[in-house]
Every structure is written in C-alpha cells, then in structure tokens.
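# sequence first, predicted coordinates after that:
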Amino acid sequence: MFGRIFTIVFLILLVADLYIFFLYIKKLTAKVSLRILWFVPSALLLAGLYIFFYTDFGRGYRDIFMLTFIIIALPKIFFTIISLFDLPLRYFFKWKVYPFTILALAVSIAAIYIVIYGSTAGKSKFEVKRIEYTSSKLPQEFDGYRIIQLSDLHIGNWEGDTKSISRMVDIVNTLNPDVIVITGDLVHNSASELDGYEEILSALKARDGVYSILGNHDYGLYKRWGSEEKQQLNLDDLKKRQAGMGWRLLNNEHTYLVRNNDSIALIGVENDGSPPFPQYGDLPEAGRGISNDKLKILLSHDPTHWRREALGSGVDLMLAGHTHATQFALGSFSPAAFVYPEWRGLYTEGDQVLYVNVGIGHVGMPFRYGAWPEITEITLKRK
C-alpha cells in the first residue's frame, strides 16, 4: 500500500518539478548548482515521507513533517495544473500576458496561507453554532431547553495542548446549557490519551449532566494492540474514565431528561457507520420501551446512520459528527460533500431532522480552515 502511495506522490512531484523547471527555472539561471537546488526540496520531502512511514518519531514530528510537505508540494501542484491552460496561449496564440499563470500564482499563495493559518490559529478557532429545533411533540416544560453538542475531540491529537481544551470547556460552561452531549471519537486510538485532560473535561457542567456515545476511533481499531484482549481492556478503560469524569455513556440504551412531569427521550447507540466503519449500533434495542408520543433525540456518531436506519424509525432529532467536513470548507463547499450526503449542519426529511457537527479535534494533521472547531447550541422550541 505504501509503495503505491509513494510512487504516486513521487510521480506527481516529479511532473510538477520538471514542468516548472523547463518553463521557468531553466530560463532564470544557467548555473547548474542552482538548477539542481530546485529539485532538492522535493527530494528531501520524498526521503522524509519514506523515513516517517517506517520510523516512529512521534506524532508531533510527524505533524510538522506533513505540514511542511503540504506547504511545499501543494502550491507546486496547483500552479502546474492551472498554468497548463496557458500553454496554448503561450505557444499558439503568442499572448504576452498569461492569465492562467497569474491565477495559478494567486491560488498557490492562497494555498500556503490557508495551510499556515489552518495549522496555527484555525485548529483552535472554536466557533459556537446556534440552531433551533421546533416540534409539536416537545413538552411545554422543555420549551427553550438548550443542548450543547460536542463531537470528535480526538483528544490525543492535541499533543498536550490543555490550554485550548480548557478554553473550549470555558466557552461551553459560559453558555450555561441544560445538557451536554458528546457524539463520539473522544479519543483517537487509546484511552491513555485522556491523561492530563480528565480533570479539564470533568469540569464540563450542565443542569442535566453530560452524556456521550462511542465513535469509530473510540474502539481502538486503528492501533496494533497485539491481542483482542488488550484492545478490549483499552475500551473498558475508556468507559471507566468517562464515568470517572461524571459522564454517562449511552451504549445502545436510552434515558429520559425530566422537567417536572414532562420528559423527552435521549437515545444513544454505539458506532453505526457505512463500511469500512464498524456497525455496532442497535437502534431497536436502544429505543425499546419508549412510547410513540415521546420526543426522541438520537445520538449516533456517523451521519450515514440517518438514512440507513434512523429515518422512519420514529426518531425526531438525530445528532451526529464524524465527517469533520474534512477539516476544510470554503463557504458551502467542502470535499466532504463528495463522500457524505449529509456532512455539515441541518438536514430535514419530513418531520425528522439531522444535525451534523463538524467536530472539535483533527485527524491526519493539526489543521482546520473554514470547518472551524464547532460547539453547537441547540435550542428546543415548542411548535
């Protein structure tokens, strides 16, 4: 697998370097040393890619390398692709001004800015999204009830940045919510990632408490444990740690949020995703015994669960995460839209509603742009 990836990356960088070299660098200098120097960054990147794949230097160094790789490689690739459209203008029509080259340069500079901003300020630029959910099934006592949704903290990927997580907790507590729900992927691989964060996260406060579910990363599926027993012990440890923080984990079960004589049902299922993501959820079991007239809020990590099962199940509002909106969005566009029909925000089918939170943390590399770390405040309104 790595061999194929390495070959593809090598060919892409080689084509981009040769294209820019013959079109520009060769004309700018006749010095062989300077011409050779043009290829050195790509050679170092490829060597680094090989070394980092086979050597464990730690996530921090790997993140720095990946960001460096993207800052150097991405502008070259964008410049090559866009400026190609100038070749007919350059050689057949003999234009003296090359608009696509100017555009390519602008896009390349913008790409560098986006990567630098997204990997510094953007990754912890917490954004509070406020939405309203209206239903005739909502009891009068719950009119104005406020839910805070957090998702996809991937706590291990914060690399000890307790300051940012503390700031997130402070923002949530300032909102003074009635209940807090966390829709999966608290950790990236291991329960031990919570070391140093448990005291901070246990400070999350809401009148009716904190409820959580498991996401695909919480099961430790992407780490080599050596045995299924060790993997299960890790999952058990994660559950104990959540309980120790005062959270209630809903594993294919439900509870009731109560106000005087009124109540609404809060249902939580284990991860239920489209392949290759695991399907451990059991919605019928989780909702067993809830009366049909009761307002039902479902916590399910993967938004694909909505169309596969939640629609038509009697669930009124489903809260999900998982997509991260690929951690990149420009306005209403994100590459996530090519993978997920529902990737960010509010979706409605008849009387059923889905909300997809783009998450707090990051995977792949410490970067977010446009899809800022999200704290969702959902206000329930009686119709």
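All right, it came through fine.
# so where is the stretch 101-250 of the chain shaky, pLDDT-wise?
For the stretch 101-250 of the chain, no stretch has pLDDT under 70.
# so Phe79 touches Leu103, yeah?
No. Taking Cβ atoms under 8 Å as the definition, Phe79 is not a contact partner of Leu103, at 9.6 Å. C-beta coordinates here come from the backbone N, C-alpha and C atoms, glycine included.
# of these two, who's got more company?
Phe79 (24 against 16; other Cβ atoms under 10 Å).
# show me how the record splits this structure into domains.
Using the TED database, the domain ranges for the chain come out as 1-122, 126-382.
# please identify the most buried of the ones you listed.
Most buried of the domains of the chain by mean neighbour count (mean count of other Cβ atoms under 10 Å) is domain 126-382; its value is a mean of 19.
# just how off-centre is that one within its chain?
Computed by Cα atoms, centre = their mean, to the nearest Å, the chain-centroid distance of domain 126-382 equals 12 Å.
# for the protein, which segments count as helices?
Per DSSP state H, the chain carries helices over the ranges 2-20, 26-28, 32-37, 40-54, 59-83, 87-91, 99-119, 162-174, 198-201, 228-244, 283-286, 304-305.
# please save the CA atoms from the fourth one in PDB.
Output for helix 40-54, consisting of C-alpha atoms alone and laid out as PDB, is shown next (Å, rounded to 0.1, in the frame of the first residue of the first chain):
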ATOM      1  CA  VAL A  40      16.300  19.400  -3.500                       C
ATOM      2  CA  PRO A  41      13.100  20.200  -1.500                       C
ATOM      3  CA  SER A  42      11.100  17.500  -3.300                       C
ATOM      4  CA  ALA A  43      13.900  15.000  -2.900                       C
ATOM      5  CA  LEU A  44      14.000  15.800   0.900                       C
ATOM      6  CA  LEU A  45      10.200  15.500   1.100                       C
ATOM      7  CA  LEU A  46      10.200  12.100  -0.500                       C
ATOM      8  CA  ALA A  47      13.000  10.900   1.700                       C
ATOM      9  CA  GLY A  48      11.200  12.200   4.700                       C
ATOM     10  CA  LEU A  49       8.000  10.500   3.600                       C
ATOM     11  CA  TYR A  50       9.800   7.200   3.400                       C
ATOM     12  CA  ILE A  51      11.500   7.600   6.800                       C
ATOM     13  CA  PHE A  52       8.400   8.700   8.700                       C
ATOM     14  CA  PHE A  53       6.400   5.800   7.300                       C
ATOM     15  CA  TYR A  54       8.800   3.200   8.700                       C
END
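# what angle do it and helix 2-20 make?
170 degrees (axes from the mean of the first three to the mean of the last three Cα atoms, to 10 degrees).
# tell me what angle helix 40-54 forms with helix 59-83.
Using the same axes, to 10 degrees, helix 40-54 lies at 140 degrees relative to helix 59-83.
# contacts for helix 40-54?
Contacts with helix 40-54, where a contact means Cβ atoms under 8 Å, 6 or more residues apart in numbering, come from 2, 6, 9-10, 13-14, 17, 61-62, 65, 68-69, 72-73, 76.
# equivalent analysis for the second one, please.
Helix 26-28 has contacts (Cβ under 8 Å, 6+ apart) with Arg35.
# now it, how far from the centre of its chain.
That offset, for helix 26-28, works out to 43 Å (Cα atoms, centre = their mean).
# thank you kindly, that will do.
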